[in-house]
Structures are given as structure tokens and as C-alpha cells.
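# I'll drop the sequence and a predicted model, then ask my questions.
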Amino acid sequence: MILPDEDTAQRIKDPPVTAPTIRYPERAASRRPCSPLPDYETSQALTYSSTNGSSSTLYKPIPRRRFLSWRAVLASLAVYIFLTLVIGIPIILKNKSSEEDKNPSNSLSYTPPPWPGKSNGAYFTPNLNNITGPGQLGVGPVCNNWTVVAALEGESTIQTWVEQIVSSTGQFSFTSNASYATNSGLVLGDFYVGVNPDQTVQNTTVSIKMQASSSNVFDGTFVCFALSDNVTDLSLYVPGNLSSPDNILFNITVLFPQSPSHWEIDVFSTFLPMFDQHFGSLEYLTFKKISIEGPTSVVTAEYLSAKFAFIETSMQPIAGEFHVTDSLVLSTVMAPIEANITLHNDPKAAYPTFVDLDTGNSNLTTLLTLMVPDNGPPPRPNFVVDMRTFYGALNATVVHDPSSQPAMIKLHAKNGIGPTNVVLDEKFQGIFQVNTKEAAATVSQGTAVSIDPWDSQLQRNIVTAVNDTARMDGWIGWGAQPACDLGEQGEVTVATSLADASLYFLG
């Protein structure tokens, strides 16, 4: 009798299935039940076990580290793009904005070459707190060395006075540690710089008068001189515990001798909060660098000549006549600026003459007179001028000295919500832009005779490129407008927001 195979019998018993099935590999036909050879599964397990540490295997999966490496690259790239968008672009825009502030331009003009930035700080920062050792200038102080000390009869008030003969050149420094925040109304002073009316006096003198409300206030106040052959330093130290009815009054006078010749002073610096600082007519004297500072300090000048001038105060006006060759900064807030400014620039110099006039919540009024020697058309801007205010009127007039050739000027006049009016004389040539937001922008021309100094046959023309209610762009000059501005002509922009903006050419 022949017995059917075990598997065949099983297949006969099981009903047919149409769905897919999974089968284990069939056993080898030659294997007998009592064979010493291992079965298929055991053989495969032994094979993988013996080759597990070997460099050659039947199958080698792709290392996962490759996938991790690509993911890291993609993640790094995403982080780089994110940082570029968040950090890099704002920095680029900020630097671009900074360059535009330093290099006045508008949408009509090219970007001028980068000129050195204007100074935004004092030329000499004094030592306001240390009175026990040598000051910043390296000279030891002598304090309260009074010539006269007197008590007013029937009062507690004490008055003192002293005068020093000092060097007529070198460095001058006048400072006070008084603070508007703590000493307002308690410490006041007058500071005057002028020419000695006595022709017989050949030296420069510094005198100071002081009045203290009591002996305690007098004892706590220090007036210190530090003097040498080329250094004049006067420092005022007031008590830190002053209160009403305490008060201290100062009167400082600096007198230079009369001189038939012109001379220069290296550095002249003041930091005198709550002082009225007045400079007389110093026509024969030029300051290489002068810095006049003091919160709530009135600053006036009858005639002040300097290469670099920095004048800054707050809540008090700045007014006077200034003659500058390199740089002029006039800055205040909540107070007007009224200045007659004469600017001298040598085309052979490396840089233009910079002017920065800045106030707020008050008016800005200025007359600029330009002086450039007759050396042919300028190769670069002679003058770069910025004027700013808000909530006040801005009125600026720019003219040339009769002896001056036409200068190249880059002028920006900006206002917040006040009216802005700019007048240029008949020697200006270049592009202009006048704009406002909620008012009228106007450009007009007078009838003054204007002749090109280098080609008298050319006629003066004005071309308007944009003529809208709130904006006017164009060009004015002799002959035809250049097809491409290579930085060889002037530029003026007049801007405000809620008031009228106007530009008037005399001819």
C-alpha cells in the first residue's frame, strides 16, 4: 500500500483559498528526519552569526548616518537663510540708510562718494569729578586761591574774586559739574569771551567772581585753576546737596589782548550747564577746534571764526555769526536757531565743508554765504548742509559772496510738520526736489541776472520733471540739462509733512 505524502494529504483536507498566502520554504527533499545536518533556518542563523563581525556580508544596509548628514546640511542651510533674512538684511538696510544720511541725495541723483562723517561730539571732554589729582590735561589744580573774599554786611552772602594771567594760545577748558536735573535754579552763571578794551594789556586774562548764599555753600564749592605754558583749565565743583534757598552765582570773563595780527588757538572747550555763554567780536582770532556745550545754556556769538565748531545746548537758543572752513554743528531742542553763517571751502582740500543745524519744536532761521576761490568748476561738492526741525518754521537763504565763483552744494532742509522755505541765489546749478504730504509744494524763479562764469553764451533754464501738488522735481542751470549726473552739479531737497514746502531761485 502506498501512503500519500503528508503535505499532499494536508492540501487535500484544506479547502482552496483564493486569497494570497505566505509560505515558509519547503524542507529539502534530501533531508532525512534523523540527518545530522541542521535545518534551513538553523543554517541561516549560524551563517549570519559567523559573519557578523566580518567585513564581507551577504547584505550590507545603507548607513543611516548618510541620511543624518544630509538632514544636518539642510537644517544648517535653513538656519543660514533665516539668520540672513532676520539679521543680515536689517543691517544692510541700516547701513544704507546711514550712508544716505551722511551723503545727501534724492531719487533724482546719483549716490555721491562717501565723505567722512560729521563730528557728533565735543572735541575735548573735561574731567568733571576728580579735583584731587592732575586733570586730563596733565596739570595739577589749585583750588579756591581767591584774591578777594568778602561777606556782605548784614547778610550771610559771601562774594569772591580772582584773576589769572594765562597763555594766549594752546588749549582752553572751562567746565562745571552742576546738573540741570539737581541744580536747576540753584546754580547760574555768565561766561564771556572778548577782546580787552585796554590796549596796554598784552596778556590774556581769566577772571571769575563767585557769590555763595552762605558760608556752608561757600566752603563746599571749589574753583580750581590748572595752568601751564599752553594749558588753561578752569573747573567749577558745586556741592551735591544744594537745596532752596541755597544758590551760587558765577561770572567768568576771558579777555584776549588787542592785536594787529591774526592768530589761532588750538582747542577751546566749555561745558557749563545753566550758563549764558556769550562770545564777542573776535574777528582777528581763529579757533582750530571749538566746542561750546551746556544743557539749558544760552549761546550767542557776535563773530566767531573756526575750522571746526561744535555748539550744543537744550531748551535755550543759539544765535550769532559764524565763519567756518571745515565743519559746523549747531544743535538744540525746544529753542530757536538764528545764525548768519559764512562758509569757506578750498577746492584743493580733501573734503567738503560740512554744516549740521538741528533743533526741534522751534524755528530754524539761517543765512548761508558761500565762498569758493576761482579755480574753475569744482571737482566735488564744496558744501554739504543738513537742516532739521519739527513743529517750527524752517527758513534758509543760501547766497554766494560777490567774489565767489559758483559753488557745488548738497543741501537738505527737512521739517516735521512745520512750513519749510528755502531760497537759492542765481549761481546755483543742479537738481532739486520739493515734497510734502498734506500740503503744497512750489518751485518758483525770480528775475535776477545769472551768467555762467565759464561760458557767458549759455542761457539759464529750469526744467520740471515732476509737477504734482505735493511734489516737484527738476533741474536748473545754464544750457541743457546733463543727460547723466556724474556728481558735478549741486542738489537741494526741501521736505516737510503737514505744511507747505517752497523753493525759490532768485534767478
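That came in fine, so what should we check first?

# count the residues that sit near residue 168.
By the criterion of other Cβ atoms under 10 Å, residue 168 has 18 neighbours. The C-beta positions use only the backbone N, C-alpha and C, and glycine is treated the same way.

# model confidence for it, exactly?
Listed pLDDT for residue 168 reads 93.

# apart from its neighbours in sequence, what residue is nearest it?
Excluding the flanking residues, the one nearest residue 168 by Cβ to Cβ, 6 or more residues apart in numbering is residue 204, at 4.3 Å.

# how much space separates that neighbour from residue 195?
As defined by Cβ to Cβ, to the nearest Å, residue 204 lies at a distance of 10 Å from residue 195.

# tell me, what's touching the two both at once?
Taking Cβ atoms under 8 Å, 6 or more residues apart in numbering as the contact rule, residue 204 and residue 195 both touch 255-257.

# the residue nearest to residue 168 bridge partners, please.
On the basis of DSSP bridges, residue 204 takes part in beta bridges with residue 166.

# surely it meets residue 254?
Yes: using Cβ atoms under 8 Å, residue 204 makes contact with residue 254 at a distance of 7.2 Å.

# these two: who's more crowded?
Neighbours per residue, other Cβ under 10 Å: of residue 204 and residue 254, the larger number sits with residue 254, 23 against 19.

# so where do the helices sit in this protein?
Here the chain has its helices, by DSSP state H, at 6-13, 40-50, 64-83, 89-102, 180-183, 215-219.

# list the buried residues in the shortest one.
With burial defined by 16 or more other Cβ atoms under 10 Å, the residues of helix 180-183 counted as buried are 180, 183.

# packing partners for that helix?
Helices and strands touching helix 180-183, by 3 or more Cβ pairs under 8 Å, 6 or more residues apart in numbering; DSSP states H and E: there are none.

# C-alpha coordinates for it, CSV please?
Output of helix 180-183 as CSV, limited to C-alpha atoms (Å, rounded to 0.1, in the frame of the first residue of the first chain):
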residue,chain,number,x,y,z
TYR,A,180,20.2,120.7,35.4
ALA,A,181,18.4,117.8,37.0
THR,A,182,19.6,118.6,40.5
ASN,A,183,20.8,122.2,40.5
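
# so what's residue 277 up against?
191, 270, 292, 294, 297-300.

# now stretch 153-165: average pLDDT?
Stretch 153-165 comes out at a mean pLDDT of 92.

# next one: stretch 363-372
Rounded mean pLDDT across stretch 363-372 is 98.

# quick one: that stretch to chain centroid distance?
Offset of stretch 363-372 from its chain centre (Cα atoms, centre = their mean, to the nearest Å): 21 Å.

# go on, stretch 158-173?
Distance, centroid of stretch 158-173 to centroid of chain: 34 Å (Cα atoms, centre = their mean).

# how about that stretch: buried residues?
158-160, 162, 164, 166-168, 170-173.

# show me those residues that map onto strands.
In this view, these that belong to strands under DSSP state E are 158-160, 162, 164, 166, 171-173.

# would you point out the most distant pair within the residues you listed?
Distances among these were taken as Cβ to Cβ; the most separated pair is 158 and 171, at 31.4 Å.

# rewinding a little: so what's the residue nearest to residue 168 up against?
165-168, 232, 254-257.

# gap between it and residue 213?
31 Å.

# for residue 442, same thing?
From residue 442 to residue 213 the distance is 57 Å (Cβ to Cβ).

# more crowded one of the two?
With neighbours defined as other Cβ under 10 Å, residue 442 and residue 213 compare such that residue 213 has more, 19 against 16.

# can you pull the contacts of the more buried one?
Residue 213 sits next to 156-157, 245-248 when contact means Cβ under 8 Å, 6+ apart.

# likewise residue 424?
398, 492, 503-506.

# cutoff 6 Å now
398, 505 (Cβ atoms under 6 Å, 6 or more residues apart in numbering).

# can you check the one 4 residues further on too?
Contact partners of residue 428, counting by Cβ under 6 Å, 6+ apart, are residue 490.

# ramachandran angles for it?
phi -70, psi 140 (degrees, to the nearest 10).

# oh, and call the first residue 649 from now on, that's how I've got it
Okay, residue one is now 649; in that scheme the one you just asked about reads as residue 1076.

# roughly how far does it sit from residue 1096?
Taking Cβ to Cβ, one finds residue 1076 at 11 Å from residue 1096.

# equivalent analysis for residue 986, please.
Counting by Cβ to Cβ - residue 986 and residue 1096 are separated by 25 Å.

# between the two, point out the one with more neighbours.
residue 986 (16 against 12).

# without its sequence neighbours, what residue ends up closest to that one?
residue 967 (4.5 Å).

# that neighbour contacts residue 984, correct?
No: counting by Cβ atoms under 6 Å, residue 967 does not reach residue 984; the two are 7.8 Å apart.

# any low-confidence regions in this protein?
Applying pLDDT under 70 to the chain picks out residues 649-718, 730-786, 1133-1135.

# longest strand of it?
Ranking each strand of the chain by length (DSSP E) puts strand 923-941 first.

# return the set of buried residues in that strand.
In strand 923-941, counting by 16+ other Cβ under 10 Å, buried: 923-928, 930, 933-935, 937-941.

# one more: stretch 1045-1061?
1045-1048, 1052-1061.

# ends of that stretch, how far apart?
Terminal residues of stretch 1045-1061 lie 11 Å apart, using Cα to Cα, to the nearest Å.

# understood, closing this out.
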